[in-house]
Each structure stands twice: as C-alpha cells, then as structure tokens.
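**Q** sharing a model prediction with you, sequence too.
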Amino acid sequence: MEIPRQAHGAMSMVFAMLVATAAVDAQMDACGADLRAFLPSPFSSSRLHCAPVWNNFILRHWQNQDNIISIILSATYTSGWVGIGFSNDGKMVASSAMIGWIDNHGRAYIKQYYLGGQTSSGVKVDQGNLLTTDTPPAVVLYGDNIYLAFQVNFSVQLAQPNIILASSAITPNTFHLAEHDDKTTLSFDFSSGDPVSTYYPYQLKRNHGALAMFGWGILLPLGAIVARYLRHKDPLWYYLHVLLQFLGYIIGLAGVVAGTALYNRIHSNFTMHRGLGISVLALGSLQVIAFFLHPNPDSKTRKYWNRYHHWSGRLCLFLAAVNVALGIEIGGANMSWKVIYGAFISVILITVTFLEIMLWNRLAKASTPGFQMPTCSFES
C-alpha cells in the first residue's frame, strides 16, 4: 500500500521533532529527565525526589529507613568543579563536601573534602565527616550537565540540614581546589523533598562589610587627617573635612542598615561586634548633632565643645577601626579583604607619623608668641 506524500511529510516532521526533543533533553536537565540512560542504580531510581535549588543546580535524593541518602546533584557544566557541602552552622569552615569535576583529559573525579579554612591549605582532600557507603560514587557529563551521584549514611534521619552549593570554572590541579566563583547556603528538607527558602545572604553580608569599611574605616579617618594637618589651607580644609565626615557617616549608616537586615536574616550571636557597631553609630550621630549645635569661635563654651568634639571623634575612629577588623575576622572574609584594610591602616599610620613629625618640627621652629598647635580631628 502506497503512503501518501503528505503522510511522508508529516512523518518526517514528527521524526524531526522527536530527534530535536531528544537533543534538547540531552542538553538540559530537568526533574522529569530519565537518568537510567547514564546513571547506575540506585541513582536512577524512580523514587528519587527532585527539586531545583539554586541557579541551574538540581538536587535529587532518596532517604531509606536506614538513614542512607542517595544524592544526585546536577548543574550546567563547562569546566572547573561543582560541589555540595553539609554544614552545622551554615558556614563553609568546618564543613564536609563532595566535589566533582572532569579534568582536561576527560577523566571524571569525585572526592570528599574537609573545609577546614578559607585558604587552600585548609581544604583537605579525602577527609571529612561524611560517612559514605559501599556504593561507588559516580560523576557523569551528559549533555551540558555534570551529575554528582553518591550515598551518605547518617546516624539519624536527616531533616533540614544546612547545605552549601558552590562551583568554580577552574579545574582542580592535583586535587587542589581553586576558590569558588559563586556559592550559597540553604536549608533543605530531605524528609519531604521540598527546598526551604532560607538562602544565606552572602551578598547582603558583603554589602554590610564593604559599606562599613569604606564609611567608618576609610572616609572618617581621612576626614580627621584633613582637619589636623591641612589647617594652613583655610577654608579648604574645613570643606574637605565636612564633606568626608558626612559622606563617611551616610555610607557607614547604610552599612549599619545592611547589618541590621543581615542580623534579622541569620540571627548571628556576635554580641561584641554588634555592641561596637551600636557604639560607633551613637558616637557618629552625636558628632553630626554637634556640628549643627557648635557655638561661635568667640563663645565661652567653645573650648568645652572642642574637647568633646575631639575626644569623642577619636573614640569613634578607634572603635570603628577595631570593629571593622573584628567584622572581617568573624565574617570569614577571604584574604583580599584583610590585605586591603591592612594595607590602608598601614598607609594611614605611616602617613600620620610622618605628618605629625613635620607638624612638631614646625611648632619647634615657630617663634610667634601665642602660637597654638592645630586642634585634632572632627574640628568644624
């Protein structure tokens, strides 16, 4: 029986659509994808729960009655490494992670790492607290996606642990991991298979640190230096001093707002950092109020206002510097933050020392009766 030409065209179109659909499925992962074509049992079981968790990361899992969890993490992949970690407090340090990658020769690797610190020396391969099973882990590159499949045996049924998802575009060299390009922390409900939208606000934490460092830790000290050492450039010193102090206060205040929002999200227990921050904000606010209430230069109360202005300003700068350094430490910032702020503090100390020596030399040579040394920071 001859098949009509129109039927040939229709069949060809259907076949082309099926081929195109298969090609797209091979390139893109989704919860409905069939894993049996490339993953062994038990990682291809139909009982797996599946949920998109972050960016292009998809997490599949199944927990049996013996508290053994089969996990398959997939993500779009071109190079580098992809990993999932388990943390008690949501932080990377002291967590254990399974990391997978494909090397430049096409060989697949999956290793457990103990994340003992922020630097590469603290990341230990083939160490960690995850108890794997006798089922061999697997790493598969299928289409545009990499799949990490492994089993972990927990002592109790896992409910909502903090998991860390991260990736890097740099392929590990001799099992040494490059720093992640992006990461997040979230709580995931392994008992029900539903993700819990409690992402760790990394960007909010970075914003809080950057604003506080630039406002309280950089602009305010620069304004104080201008007030002490540029008095001979009147009235330029005054306008620069006021401009730097107000900019520093506004940016620092924005850092406090970001810090408050961060605290409301994660409820951190850093009481000293929070207490110092409140003290710095209070002293800075009093300085702003004092600016609008300062008496005339010939007023009898001016000398008392000057003393208050100078010493509260010095205390504000000191507490701000301490709190910025403390925040960098407890926030787990990488080395670049420490280098930048440490370099700035070093330059400030060297500059102030040099300018102070020059100032005292000028004072020693001065022969004008009644000559007074320029007053200190926050003068207005």
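**A** Here it is on my side, so go on. Numbering: from 1, shown residues only.

**Q** quick one: Asn306 and Thr351, what's the gap?
**A** Distance of Asn306 to Thr351, given as Cβ to Cβ, to the nearest Å: 24 Å. Backbone N, C-alpha and C define where each C-beta goes, glycine included.

**Q** Ala166 versus the spatially most central residue of the chain, what's the distance?
**A** When the chain is reduced to its mean C-alpha position, the nearest residue by Cα atoms, centre = their mean turns out to be Tyr202, at 4.1 Å. Spatial separation of Tyr202 from Ala166 under the definition Cβ to Cβ is 11 Å.

**Q** common neighbours of those two, please.
**A** Lys183, Thr184 (Cβ atoms under 8 Å, 6 or more residues apart in numbering).

**Q** tell me where the chain has helices.
**A** Assigned helices in the chain, in chain order: 5-27, 202-214, 220-229, 236-266, 271-293, 302-330, 335-365 (criterion: DSSP state H).

**Q** now the weakest link among these, please, by mean pLDDT.
**A** Ranked on mean pLDDT, the bottom entry among the helices of the chain is helix 5-27, at a mean of 39.

**Q** follow-up on the earlier one: does the residue nearest to the centre of the chain touch Lys183 like I think?
**A** Yes. With contact defined as Cβ atoms under 8 Å, Tyr202 counts as touching Lys183 (7.0 Å).

**Q** residue contacts, Ser279?
**A** Taking Cβ under 8 Å, 6+ apart as the definition of contact, the neighbours of Ser279 are Leu319.

**Q** separation between it and His273?
**A** Relative to His273, and taking Cβ to Cβ, Ser279 is found at 11 Å.

**Q** over to Val53?
**A** When Cβ to Cβ is the yardstick, Val53 and His273 sit 30 Å from each other.

**Q** what's the answer for Ala210, then?
**A** Ala210 sits at a distance of 16 Å from His273 (criterion: Cβ to Cβ).

**Q** of Asn306 and Thr351, who's got more company?
**A** Neighbours were tallied for Asn306 and for Thr351 using other Cβ atoms under 10 Å; the higher tally belongs to Asn306 (18 against 14).

**Q** any idea how far the residue nearest to the centre of the chain lies from Ile340?
**A** In this view, Tyr202 and Ile340 are 18 Å apart by Cβ to Cβ.

**Q** and for Lys205?
**A** Lys205 sits 16 Å away from Ile340, going by Cβ to Cβ.

**Q** same question, Met92
**A** Using Cβ to Cβ, we find Met92 at a distance of 21 Å from Ile340.

**Q** same check on Val242?
**A** 26 Å.

**Q** thought Gly332 was touching Ala94?
**A** No. The pair Gly332 and Ala94 does not pass the contact test of Cβ under 8 Å, sitting 10.6 Å apart.

**Q** winner for burial among the helices of the chain?
**A** A comparison of the helices of the chain by mean neighbour count, using mean count of other Cβ atoms under 10 Å, puts helix 220-229 on top with a mean of 22.

**Q** quick check: closest non-adjacent residue to Ser268.
**A** With sequence-adjacent residues excluded and distances taken as Cβ to Cβ, 6 or more residues apart in numbering, Ser268 is closest to Leu262, at 7.5 Å.

**Q** hmm, Lys205 and that neighbour touching each other?
**A** Yes. Leu262 is in contact with Lys205 according to Cβ under 8 Å; the separation is 5.7 Å.

**Q** any idea how far Gly215 is from Gly284?
**A** Following Cβ to Cβ, the distance that separates Gly284 from Gly215 is 9 Å.

**Q** which neighbours do those two have in common?
**A** Counting by Cβ under 8 Å, 6+ apart, the residues touching both Gly284 and Gly215 are Tyr249, Gly252, Leu253.

**Q** OK, contacts around the first one?
**A** By Cβ under 8 Å, 6+ apart, the contact set of Tyr249 is Gly215, Leu220, Gly284, Ser285, Gln287, Val288.

**Q** run the last query once more with 7 Å
**A** Taking Cβ atoms under 7 Å, 6 or more residues apart in numbering as the definition of contact, the neighbours of Tyr249 are Gly284, Val288.
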